[in-house]
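Engineer: dropping the sequence and predicted coords here.
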Protein chains: 6
Amino acid sequence: MHERKFHTFIGCDGTYVESKIVLFGAPFDSTTSYRPGARFASAAIRNESYSIETYSPYLDRDLTDLKIYDGGDLELAFGNPEKALTVIENYTAQVLHDNKLPLMIGGEHLVTLGGVRAVLQKYPQLHILHFDAHTDLRSDYLGEKLSHATVMRRCWDLVGDGRIFQFGIRSGDREEFSWAQDHVFMEKFTLNQVDHVVEKVKDQPVYLTLDLDVLDPAVLPGTGTLEAGGVGFLDLLKVFTQVKGLNLVGVDMNELCPVYDPSGASTLLACKLLRELLLTLDQ
Amino acid sequence: MHERKFHTFIGCDGTYVESKIVLFGAPFDSTTSYRPGARFASAAIRNESYSIETYSPYLDRDLTDLKIYDGGDLELAFGNPEKALTVIENYTAQVLHDNKLPLMIGGEHLVTLGGVRAVLQKYPQLHILHFDAHTDLRSDYLGEKLSHATVMRRCWDLVGDGRIFQFGIRSGDREEFSWAQDHVFMEKFTLNQVDHVVEKVKDQPVYLTLDLDVLDPAVLPGTGTLEAGGVGFLDLLKVFTQVKGLNLVGVDMNELCPVYDPSGASTLLACKLLRELLLTLDQ
Amino acid sequence: MHERKFHTFIGCDGTYVESKIVLFGAPFDSTTSYRPGARFASAAIRNESYSIETYSPYLDRDLTDLKIYDGGDLELAFGNPEKALTVIENYTAQVLHDNKLPLMIGGEHLVTLGGVRAVLQKYPQLHILHFDAHTDLRSDYLGEKLSHATVMRRCWDLVGDGRIFQFGIRSGDREEFSWAQDHVFMEKFTLNQVDHVVEKVKDQPVYLTLDLDVLDPAVLPGTGTLEAGGVGFLDLLKVFTQVKGLNLVGVDMNELCPVYDPSGASTLLACKLLRELLLTLDQ
Amino acid sequence: MHERKFHTFIGCDGTYVESKIVLFGAPFDSTTSYRPGARFASAAIRNESYSIETYSPYLDRDLTDLKIYDGGDLELAFGNPEKALTVIENYTAQVLHDNKLPLMIGGEHLVTLGGVRAVLQKYPQLHILHFDAHTDLRSDYLGEKLSHATVMRRCWDLVGDGRIFQFGIRSGDREEFSWAQDHVFMEKFTLNQVDHVVEKVKDQPVYLTLDLDVLDPAVLPGTGTLEAGGVGFLDLLKVFTQVKGLNLVGVDMNELCPVYDPSGASTLLACKLLRELLLTLDQ
Amino acid sequence: MHERKFHTFIGCDGTYVESKIVLFGAPFDSTTSYRPGARFASAAIRNESYSIETYSPYLDRDLTDLKIYDGGDLELAFGNPEKALTVIENYTAQVLHDNKLPLMIGGEHLVTLGGVRAVLQKYPQLHILHFDAHTDLRSDYLGEKLSHATVMRRCWDLVGDGRIFQFGIRSGDREEFSWAQDHVFMEKFTLNQVDHVVEKVKDQPVYLTLDLDVLDPAVLPGTGTLEAGGVGFLDLLKVFTQVKGLNLVGVDMNELCPVYDPSGASTLLACKLLRELLLTLDQ
Amino acid sequence: MHERKFHTFIGCDGTYVESKIVLFGAPFDSTTSYRPGARFASAAIRNESYSIETYSPYLDRDLTDLKIYDGGDLELAFGNPEKALTVIENYTAQVLHDNKLPLMIGGEHLVTLGGVRAVLQKYPQLHILHFDAHTDLRSDYLGEKLSHATVMRRCWDLVGDGRIFQFGIRSGDREEFSWAQDHVFMEKFTLNQVDHVVEKVKDQPVYLTLDLDVLDPAVLPGTGTLEAGGVGFLDLLKVFTQVKGLNLVGVDMNELCPVYDPSGASTLLACKLLRELLLTLDQ
């Protein structure tokens, strides 16, 4: 019988047991303050992934050579951020407990906090590489502590000074930029100092969080909060090569919003980025 | 100097003090489980209202004859339903205290609960007329008590049996329909029994909540959860005439989602409905 | 050589000399006050017409049996309504001089005035049947005499009382409705009295102007100013049958706005209406 | 571990062995002459089905009570209609051999021919109920025998006169309508005579093929070839009730084209129709 | 009472008296020859401005530190360019009379002529910096003197040779480019010579007119006439720095067309540009 | 009579006899495996071409100086690739027989095979320059020999090793890249070696095939299969200059898909590219 069922990201049909990487979706966007819809990202990425190849001419590697487990999407109730974070934390902790690398697809950026909480349990020396257009360093947003706009500040609450490294930042309020000077490493506008930072954290466990809005809106219009002046696709590919040798213990990619992607270019770019990320990580 | 600033619904430039009706927006959609975006409804309705007339040929009345206050939008934090409901409840209570009629524009349907809480304080005998495609009678949604899918059940928690009257319902799970038989009046699919119900509640304080998805998707595609087989625009206009004589003490219109309204027809229909509603209520 | 060039409305490849009907476009929308784009209507109708059939099962007639000339689009400068009207008037006058029936595709509704001016020269007893959501009876619009919102008032300036018959009207300001009572025949909301009016004008030369927004937005979302509560497609087809016996000396169809027609349904409906209109007129 | 995998139509997670109905997709649209994209229908229907309920208030039945097998999508090469039909025919034949009812989701309408070929092998007395805006009775299309525009003629080649019953037809060329008079039953424009035909075929094996463009474009804009003047959603629901008692041995639903469905209303309507169809058939 | 009313550009809530810059909209696009819709630009920019920050990390300045008056939109009749220009001229003249800097948001590019007329009254030595994809130097367009395609030629009529400096130009007819050689400074394709020109005009009063289509369509798809091969966002930011020291006596930004901006990226880029422009000008 | 009929590409109104270049469309996309719609490209390019100028400031040349014949679109049956290729081959052969240069606008990339077959008959030493994101070198696609994904392999079947030169390639399966090493010249990712290859083929007859998806999706979102990381518009313009001196005996440009081009930027870019291509070729 000829049957084709689409339910994993392309080429990710390994079993849980045999896989080193566990891919999963966190379809949550309840705290998005501008344009919601990141909840649809993981499903869109899986659906559209069948239009890209499993082979990367950039890396000369193929997903079909690897074993990767796609755990599907977590079931997260809308409107309750704390509970959603707990579900994410528990799932991530289980993956870590089984000595696998968690790779989460958001959702809005707040989901990162769930992942970081779990990873930090296992790796108290955790350092965080953060690629984003926005600082996400507010102490609260309209009084809320848990928000896509506060997520890196909440991470800082956990890891403290000197452990967060931000790249590509080009938006935030004045207080955030001012506060950042004393507490985090921030490279504004570009990715130029990635090599420098990689050298600094090369002996540490590292969590990499990629907010896709670090890319220029011309390249990735499908995200909630567009910020002109971003980096290019090849710039980001280069980052993957740069961080390849690090001890990456947790990774996420978030804030794709397929609702604002009329040509489909953003979702396809996310698919291609995810392929390159998987091929880079599983070496 | 020739200047034109748009910031109220067309024709609603009365002061708070002189107005009998207070229009306000509740841009909240954090519990929306399918397609978010109702947060943009009140702003879209105000913006587009300048393309309709203030005069109704249906009623031969004109908004320019009335005094209506447009209070703008409440500031509601995303991701915290209970706090949002409190803001809505407090605002509504103030309006009621000043002997004015609150007319809230959602937002997702959960905002109704904030309004009903306030109105019920003043009118313990409150009855609720509910126009919707969905029952909204779940006891919880993925464990959450506060949700667009549970809002009428939460209202029932407050008012009890025999006080909620539903019309146009055509979607829900089996338990909701089953539970409804013992606790609320439900007219499935149509609006046929509105006159009958109006007769029953004619001596009671009445809250009217209008979920725009009661309309057929052909007429109103711009809503989060589309349900084929709905009622028509003129059917709803007729309802306004039918309920005109009731003691309406609170009104809301919700679930317009401009994100899924590519031709703009849904927002314009909502504008026209709101004009007719205002002209009906202020008599 | 297999070649197919699309440049007339489907089935309208007659020569000017041999044709009884002359179809032409008036791509003008400079006075549109809300959403412009009707300028694209005639081109869109020609392009998409190749997806409908030349045969009508409603009438059991086929465009391939007729000789109809498609004169293409007039060249009209944007921003100069009076000059555009003159070009339309001159073209229409030539068509009439050659004893053919002008059938103009707008453009915004103001183009009708150019047509009526020419027809009135030849037929001083002209009566006008007007299908529209809007009265178009303002004496001026923001001080402008020439506007889509004043076009029927300008026609009235030419033909006077009792010669304009309006159907389907459901929007306008109070003054327009009030003024109409003394000067024109107006059937609000429906097309019910078409037969009655046809009987009244059956011995007169008649100009028929069809603003497509008389249709309900569910049926025709692609128009500049949407008004809920309109008539259906079959209602309009019936009108064509009702007016068939009249002495129609000028016809236009206007206000299709393809920019707001994401599914293409509106343009295709206009194509089908035009086919039915042509098959009705050329008998 | 909280995991949710979307890969069947909602509520259709029965095993092949235990199920009476086998649902499968035929994502093929290579012969579509106007707007392609029906290939995306079955995937879209599965994805969006999770936003509707499994319970039908129309029938008071629930998909969770049934066992239905969703076989996923057939793998069909684009550009080779004959090979695609063979794959469809073979799959359908297997389903029939196992005494199950095949329910195919197109794709373009040509896929029906594959299904009919298989069903006719088992049921030589097959009669066909055909709901569509178009006759699909051309003898060829630009020289091609296999086309969405010829599919019912190809079915007639197999079953002969008096075995095809068409409803809702409102488009075709003159020759098709003329040929139809001698060879098939055709009800133009409406569904009025369904009861009459059901009575005629009540003792025969029946294949039901539903081209969704029989619906009005206001209700279902998302299809390749839109024809104004169609039937309503409730009209079609009624048909399901009317045909319930027949000996249905093959069913398909086709021509949803999600590419032209910007509000998502068409896909959701198809989901709801499919739920009602499944609940009707499995009794 | 928690109320939030959106009616000025973010952070521009100064009073007229206290402000050095007066922002106002000129929603006019009647002479647009290709795709109209620039009329919606100023409203869209105001609405969406609430999704950007008031703080600029590029300049380390914040709108909340300034006093800027947003005068709303002028009321301009469609279809009468001369009258619209007069309204613009009068408003601008008043602003200049009060020793404030007028910053106009179009609308189509013709609106610049109204501004230049007023500024020239006060500053006869006016020089004009013009950033655009198009020359806008036609002597007339289809016989019309007043057009978006002739606006810089009309400005030249007023200021004469050697006073207009064009950058980024990459479209026009041959006569325009030929004529330009003798009458204006034109830098084709790039912004390379801005510094050179700034040096030349550093002692003169300068009007800066920015047609957003100077940007590449990848960066700004939402404009009427797209021209591939344009400049980038950061290129334009750099220009603001370059011209900062000039005696700028009038500024406009025009030709955003939100109708063709499905992802919203263009409007948001315009918001960000406007913020940077305001922060640059008010120093 | 003022009439304007749009039916050729702008400025291409030469007669067949007097023209050196014959432009024609091949609206075929039946083998497209992901997102069909390239069939609409040639019509869209003609329609939108009237919004660009005939003059190129890049080349200082004007289409109005040339004689170019636009032969319209071939009539190609959907679903039968072999027959479509035969029609293309025959038309191209006729053009070549008359000593003119064929310039074909696809359609999907498979149409190239029809052109190459004809050109090879006249020029057995044919070499092929191929600009594309994809290798198109599969030996078959789901068993089909004729496919957009196999077209360059089919060309190789005809011309053999060392005659195909690929640029900008960034997608394919591993076997394609591996096979390519022994049989074709392939420059991955960039256009850097065009000069080098031009030198190699400068004495040979050359066919140039341009798949527009070689461009970055930011620049050209409107194509079937988007691949991030592509080349820019100016990069491609430069190629035209580089190949100008070659003996180009056949040219095509394909894979524009207007269905996924919501802002219209892709179609307009294709118009501009085609203008530059025509001005380059006819020297």
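Structural biologist: Happy to help now that I have it. Residues are numbered from 1 along each chain as shown, chains lettered A, B, ... in the order given.

Engineer: now do the helices in chain A.
Structural biologist: A:41-48, A:81-97, A:111-122, A:151-159, A:174-183, A:194-200, A:233-243, A:265-281 (DSSP state H).

Engineer: ok, residue A:209 touching residue A:113?
Structural biologist: No: in this structure residue A:209 lies outside contact range of residue A:113 using Cβ atoms under 8 Å: 9.8 Å. No exception for glycine: its C-beta is placed from N, CA and C like everyone else's.

Engineer: nearest residue to residue A:155 in space, please, no chain neighbours.
Structural biologist: In space, residue A:155 comes closest to residue A:116 once its chain neighbours are excluded; the distance is 5.2 Å by Cβ to Cβ, 6 or more residues apart in numbering or on different chains.

Engineer: same question, residue A:153
Structural biologist: Ranked by Cβ to Cβ, 6+ apart and with sequence neighbours excluded, the top spatial neighbour of residue A:153 is residue A:137, at 4.8 Å.

Engineer: kindly tell me how buried the one you found is, as a neighbour count.
Structural biologist: In terms of burial, residue A:137 registers 28 neighbours under the definition other Cβ atoms under 10 Å in any protein chain shown.

Engineer: how about residue A:245?
Structural biologist: The criterion is other Cβ under 10 Å. On that basis, residue A:245 has 10 neighbouring residues.

Engineer: ok, the one 4 residues further on next?
Structural biologist: If you count neighbours by other Cβ under 10 Å, residue A:249 ends up with 19.

Engineer: equivalent analysis for residue A:173, please.
Structural biologist: Residue A:173 has 18 neighbours, counted by other Cβ under 10 Å.

Engineer: quick one, phi psi at it?
Structural biologist: Summarising the backbone geometry of residue A:173 under the convention degrees, to the nearest 10, its torsions are phi -90, psi 170.

Engineer: quick one: contacts for residue A:187?
Structural biologist: Contact criterion Cβ atoms under 8 Å, 6 or more residues apart in numbering or on different chains gives A:165, A:166, A:167, A:168, A:169, A:193 as the residues in contact with residue A:187.

Engineer: state the distance from whatever residue of the stretch 101-250 of chain A ends up closest to chain E to residue A:229.
Structural biologist: Ranking the residues of the stretch 101-250 of chain A by distance to chain E (Cβ to the nearest Cβ) places residue A:221 first, at 3.5 Å. In this view, residue A:221 and residue A:229 are 14 Å apart by Cβ to Cβ, to the nearest Å.

Engineer: which of the two has more neighbours?
Structural biologist: Shown here are residue A:221 and residue A:229; by other Cβ under 10 Å, residue A:221 has more neighbours (28 against 21).

Engineer: distance of that one relative to residue E:269?
Structural biologist: For residue A:221, the distance to residue E:269 - Cβ to Cβ - is 11 Å.

Engineer: same thing with residue A:87?
Structural biologist: Applying Cβ to Cβ, one obtains 37 Å for the distance of residue A:87 from residue E:269.

Engineer: those two - which one has more neighbours?
Structural biologist: Here residue A:87 and residue E:269 are compared on neighbour count by other Cβ under 10 Å; more neighbours surround residue E:269, at 26 against 19.

Engineer: which ones are touching the more buried one?
Structural biologist: A:217, A:226, A:228, E:215, E:219, E:220, E:233.

Engineer: how far away is it from residue A:12?
Structural biologist: As it turns out, when the distance is counted by Cβ to Cβ, residue E:269 lies 36 Å from residue A:12.

Engineer: ok, now residue A:208?
Structural biologist: Separation of residue A:208 from residue A:12 (Cβ to Cβ): 19 Å.

Engineer: kindly report the same for residue A:229.
Structural biologist: In this structure, residue A:229 lies at 34 Å from residue A:12, with Cβ to Cβ as the measure.

Engineer: interface residues of chain A facing chain B?
Structural biologist: Within chain A, the residues that sit near chain B (Cβ under 8 Å from any Cβ of the partner chain) are A:29-33, A:35-37, A:39, A:75, A:77-81, A:83, A:141-144, A:146-147, A:259.

Engineer: which residues of the stretch 101-250 of chain A lie near chain E?
Structural biologist: A:169-174, A:177, A:188-189, A:216-218, A:221-222, A:225-229.

Engineer: which among those count as buried?
Structural biologist: With neighbours counted using 16 or more other Cβ atoms under 10 Å in any protein chain shown, those contain these buried positions: A:169-174, A:177, A:189, A:216-218, A:221-222, A:225-229.

Engineer: keep only the residues you listed that also lie close to chain C.
Structural biologist: Checked against chain C using Cβ under 8 Å from any Cβ, these yield no neighbours at all.

Engineer: quick check: bridge partners of the residue nearest in space to the middle of chain A?
Structural biologist: Chain A has residue A:253 as the residue nearest its centroid, 2.1 Å off, counting by Cα atoms, centre = their mean. Taking DSSP bridges, one obtains residue A:105, residue A:210 as the residues bridged to residue A:253.

Engineer: tell me which residues touch it, please.
Structural biologist: The neighbours of residue A:253, taking Cβ under 8 Å, 6+ apart as the test, are A:103, A:104, A:105, A:106, A:210, A:212, A:270, A:273, A:274, A:277.

Engineer: how near is the fourth one to residue A:94?
Structural biologist: Meaning residue A:106. Separation of residue A:106 from residue A:94 (Cβ to Cβ) stands at 19 Å.

Engineer: more neighbours: which of these two?
Structural biologist: The residue with the greater number of neighbours, taking residue A:106 and residue A:94 and applying other Cβ under 10 Å, is residue A:106; the counts read 29 against 16.

Engineer: check the gap between the nearest residue to that one once chain neighbours are set aside and residue E:207 for me.
Structural biologist: Spatial nearest neighbour of residue A:106, excluding adjacent residues (Cβ to Cβ, 6+ apart): residue A:254 at 2.8 Å. When Cβ to Cβ is applied, the distance between residue A:254 and residue E:207 equals 45 Å.

Engineer: and what of residue A:80?
Structural biologist: Taking Cβ to Cβ as the measure, residue A:80 and residue E:207 are separated by 55 Å.

Engineer: just residue A:126 next, same as before
Structural biologist: 55 Å.

Engineer: looking at these two now, which is surrounded by more residues?
Structural biologist: Applying other Cβ under 10 Å to residue A:126 and residue E:207 shows that residue E:207 carries more neighbours, namely 25 against 22.

Engineer: need the contact list for the more buried one.
Structural biologist: Remark: with contacts taken as Cβ under 8 Å, 6+ apart, residue E:207 is in contact with E:115, E:116, E:119, E:126, E:127, E:128, E:129, E:248, E:249, E:250, E:251.

Engineer: nearest spatial neighbour of the residue of the stretch 1-150 of chain A found nearest chain C, skipping sequence neighbours?
Structural biologist: Distances between the stretch 1-150 of chain A and chain C by Cβ to the nearest Cβ are smallest at residue A:37, namely 18.1 Å. Sequence neighbours aside, residue A:259 is the residue nearest to residue A:37 in space, at 3.6 Å (criterion: Cβ to Cβ, 6+ apart).

Engineer: residue contacts, the one you found?
Structural biologist: Residue A:259 sits next to A:35, A:36, A:37, A:40, A:222, B:35, B:37, B:259 when contact means Cβ under 8 Å, 6+ apart.

Engineer: now render these as a markdown table, adding pLDDT.
Structural biologist: Putting the contacts of residue A:259 into a markdown table (pLDDT from 0 to 100) gives the following:
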| residue | pLDDT |
| --- | --- |
| A:35 | 95 |
| A:36 | 96 |
| A:37 | 96 |
| A:40 | 96 |
| A:222 | 98 |
| B:35 | 95 |
| B:37 | 96 |
| B:259 | 96 |
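
Engineer: which of these sits closest to chain E?
Structural biologist: When the contacts of residue A:259 are compared for distance to chain E, the smallest value, 6.7 Å, is given by residue A:222; criterion: Cβ to the nearest Cβ.
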